[in-house]
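Colleague: Predicted model and sequence follow; I will ask about them next.
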Amino acid sequence: MTRYFINALSFVRHEAIGGLMLVSAAILALVLVNAGAAPTYENVLNTPLGFFFGPIGLEKTLLHWINDGLMAIFFFLIGMEVKREFIVGELSTPRRAALPMFAAIGGMAIPALIYAAINFNSPQTLGGWAIPAATDIAFALAVLVMLGSRIPPALKVFLLAVAIIDDVGAIIVIAIFYTSKLSVTALALGLGGVVVLGLLNIAGVRRISPYVLVGIFVWACVLKSGIHATLAGVVTGLAIPLFAKDSTDPHAGPLEAMEHWLHPWVTFGILPAFAFANAGVSLQGLSIETLQGLIPMGIIAGLVIGKPVGVLLMSWLAVRSGACELPEGITWSHIFGAGCLAGIGFTMSLFIGMLAFPDPAQMPEVRIGVLTASLLAALLGIIWLLATSKTKAATGSSPTQ
């Protein structure tokens, strides 16, 4: 299991660099939009792109290709990561998975309840309840890694596991609550493709290309069905075989090889592109009154307050019940700090916000709320973890569990 721990830390370091690129892409979008380039920015994102084969074709704007196409590749990677973690990684046994599982559930449920409470009497905005339930894995881990040796390595693995489970929860929420009218024909064809993916796995096919080709077909069907197309990426990722033929070493299998090949493209290309395309919001006229709108208030309260409270409360209940114990070297202060960093919703929160509010007129409020909340959550997490770590170093006291 030591090898998987080392691999997880390597993944965390990779994500940290990607998190810095996400920040840069978001800042660039904000600067361009607020420096007079907003018309050009909008025109580029609204450029129609497509392909046609006779009567069959698909045309979307560049923004839709990024959000529905490139993000499907991101969720394809997530699907593979989830499969690996649950079979051979940090979530492979019930006791190992219990603490981050409870923490993630609390970190999703409490923020959603806070948003719903604030927007309870507003049917027009209540649909955004899942926005503060999300965690941006790259941003959160980037901030944690920047704190360096002050933070125990086990806390980085804990936050990684929480974020992965959070992604699973987000996928389930998207599938159940954020779908439009269903096309039965397209859905049936997509399910047929899923069956083929399963048969390829059962037949022991180890080449990646057949899975990718069938996955593209499933993606196109799901896109036409009314269910969000990114779910096709998850299903395809879950179908990729973990082990090579006649081997029990997951490091020699096609799944890890595909992960290693795809991860830089997602981290340094797809996610920054998504951030750039969705973070561009005009700050003109921004005031305290703007942040006091129901949507921004629900998002900010959910991510900044709900996340750390939910993560800490459910972790405490899990340990108190005997279902698990705190990893060695991690204190309750660390858990709270990790909960603060889990409040960095950014890309995932923006993505769910886009699904919850398809009306472009509401997206500026979503963006303002998500960007403000993510910044506050990052600052709170940094200050809290630095302050508590500094106190322990000064006193020389051992961690209390």
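Modeller: Yep, that arrived.

Colleague: On the three-state scheme, A323 is what?
Modeller: In three-state terms, and counting by DSSP: H, G, I helix; E, B strand; the rest coil, A323 is coil.

Colleague: which residues touch it?
Modeller: Contact analysis of A323 by CB atoms under 8 Å, 6 or more residues apart in numbering lists 95, 98, 102. No exception for glycine: its C-beta is placed from N, CA and C like everyone else's.

Colleague: Contact partners for the first one?
Modeller: It refers to R95. R95 neighbours (CB under 8 Å, 6+ apart): 323-324.

Colleague: Work out for me the element it sits within.
Modeller: Taking DSSP states H and E as the definition, R95 sits inside helix 94-118.

Colleague: After that helix, which helix or strand is next?
Modeller: Toward the C-terminus, helix 94-118 is succeeded by helix 123-126 as the next helix or strand (DSSP H and E).

Colleague: List the buried residues for that following helix?
Modeller: The neighbour-count check on helix 123-126 (16 or more other CB atoms under 10 Å) flags 125-126 as buried.

Colleague: what's it packed up against?
Modeller: Packing contacts for helix 123-126, counted by 3 or more CB pairs under 8 Å, 6 or more residues apart in numbering; DSSP states H and E, involve helix 294-300.

Colleague: The following helix or strand past the helix it packs on to helix 94-118, inter-axis angle?
Modeller: The helix or strand immediately downstream of helix 294-300 is helix 307-320, counting by DSSP H and E. Interaxial angle, helix 307-320 versus helix 94-118 (axes from the mean of the first three to the mean of the last three CA atoms, to 10 degrees): 140 degrees.

Colleague: how distant is helix 307-320 from the center of its chain?
Modeller: 20 Å (CA atoms, centre = their mean, to the nearest Å).

Colleague: what is the mean pLDDT for that helix?
Modeller: Taken as a whole, helix 307-320 carries a mean pLDDT of 96.

Colleague: so who does the spatially closest residue to L99 that is not a sequence neighbour touch?
Modeller: Excluding the flanking residues, the one nearest L99 by CB to CB, 6 or more residues apart in numbering is C324, at 4.4 Å. By CB under 8 Å, 6+ apart, the contact set of C324 is 95-96, 98-99, 102, 318.

Colleague: just to revisit the earlier point, return the distance of the helix holding R95 from the chain's centre.
Modeller: Using CA atoms, centre = their mean, the offset of helix 94-118 from its chain centre is 14 Å.

Colleague: List the buried residues in it.
Modeller: 96-115, 118.

Colleague: I'd like to know which of the contacts of C324 is nearest to A277.
Modeller: Nearest to A277, judged by CB to CB, of these is F102 at 34.6 Å.

Colleague: tell me the contacts of the closest one?
Modeller: Per CB under 8 Å, 6+ apart, neighbours of F102: 314-315, 317-318, 323-324.

Colleague: how close does it sit to V143?
Modeller: Distance of F102 to V143, given as CB to CB, to the nearest Å: 23 Å.

Colleague: Over to G36?
Modeller: For G36, the distance to V143 - CB to CB - is 31 Å.

Colleague: Look at these two and report which has more neighbours.
Modeller: Neighbour totals were compared for G36 and V143, and V143 leads with 23 against 8 (other CB atoms under 10 Å).

Colleague: helix or strand for that one, which one?
Modeller: Assessed by DSSP H and E, V143 sits inside helix 137-146.

Colleague: How far does that helix sit from its chain's centre?
Modeller: Relative to its chain's centre, helix 137-146 lies at 12 Å (CA atoms, centre = their mean).

Colleague: same check, this time on stretch 280-299
Modeller: The answer for stretch 280-299 is 23 Å, by CA atoms, centre = their mean.

Colleague: That one spans what distance, first to last residue?
Modeller: Distance across stretch 280-299, first residue to last, is 18 Å (CA to CA, to the nearest Å).

Colleague: Okay, buried residues for it please.
Modeller: Neighbour counts using 16+ other CB under 10 Å place 280-281, 291, 293-299 of stretch 280-299 among the buried residues.

Colleague: Closest one to S122 out of these, please.
Modeller: Nearest member of the buried residues of stretch 280-299 to S122, counting by CB to CB, is L294, at 5.3 Å.

Colleague: Tell me how far that closest one lies from V266.
Modeller: L294 is 33 Å from V266, by CB to CB.

Colleague: Now do the helix or strand containing E256: which elements does it pack against?
Modeller: Here E256, judged by DSSP H and E, is contained in helix 254-265. Here helix 254-265 is seen to pack against helix 71-87, helix 208-225 when contacts are counted using 3+ CB pairs under 8 Å, 6+ apart.

Colleague: tell me the angle the shortest one makes with helix 137-146.
Modeller: With the same axes, to 10 degrees defining the directions, helix 71-87 sits at 60 degrees from helix 137-146.

Colleague: what mean pLDDT does helix 71-87 have?
Modeller: In this model, helix 71-87 has a mean pLDDT of 85.

Colleague: in that helix, what's buried?
Modeller: Those would be 71-86, for helix 71-87 by 16+ other CB under 10 Å.

Colleague: Could you do stretch 253-271 as well?
Modeller: Residues of stretch 253-271 classed as buried: 253-256, 258-259, 262-263, 266-267, 270-271 (neighbour count, 16+ other CB under 10 Å).

Colleague: now do stretch 229-239
Modeller: 229-239.

Colleague: and these as JSON lines, adding pLDDT, distance to D249 and secondary structure?
Modeller: Shown next, in JSON lines, are those (pLDDT from 0 to 100; distance: CB to CB, whole Å; DSSP: H, G, I helix; E, B strand; the rest coil):
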{"residue": "A229", "pLDDT": "76", "distance to D249": "34", "secondary structure": "coil"}
{"residue": "T230", "pLDDT": "76", "distance to D249": "31", "secondary structure": "helix"}
{"residue": "L231", "pLDDT": "80", "distance to D249": "30", "secondary structure": "helix"}
{"residue": "A232", "pLDDT": "87", "distance to D249": "29", "secondary structure": "helix"}
{"residue": "G233", "pLDDT": "89", "distance to D249": "26", "secondary structure": "helix"}
{"residue": "V234", "pLDDT": "85", "distance to D249": "25", "secondary structure": "helix"}
{"residue": "V235", "pLDDT": "89", "distance to D249": "25", "secondary structure": "helix"}
{"residue": "T236", "pLDDT": "94", "distance to D249": "23", "secondary structure": "helix"}
{"residue": "G237", "pLDDT": "92", "distance to D249": "20", "secondary structure": "helix"}
{"residue": "L238", "pLDDT": "90", "distance to D249": "20", "secondary structure": "helix"}
{"residue": "A239", "pLDDT": "94", "distance to D249": "20", "secondary structure": "helix"}
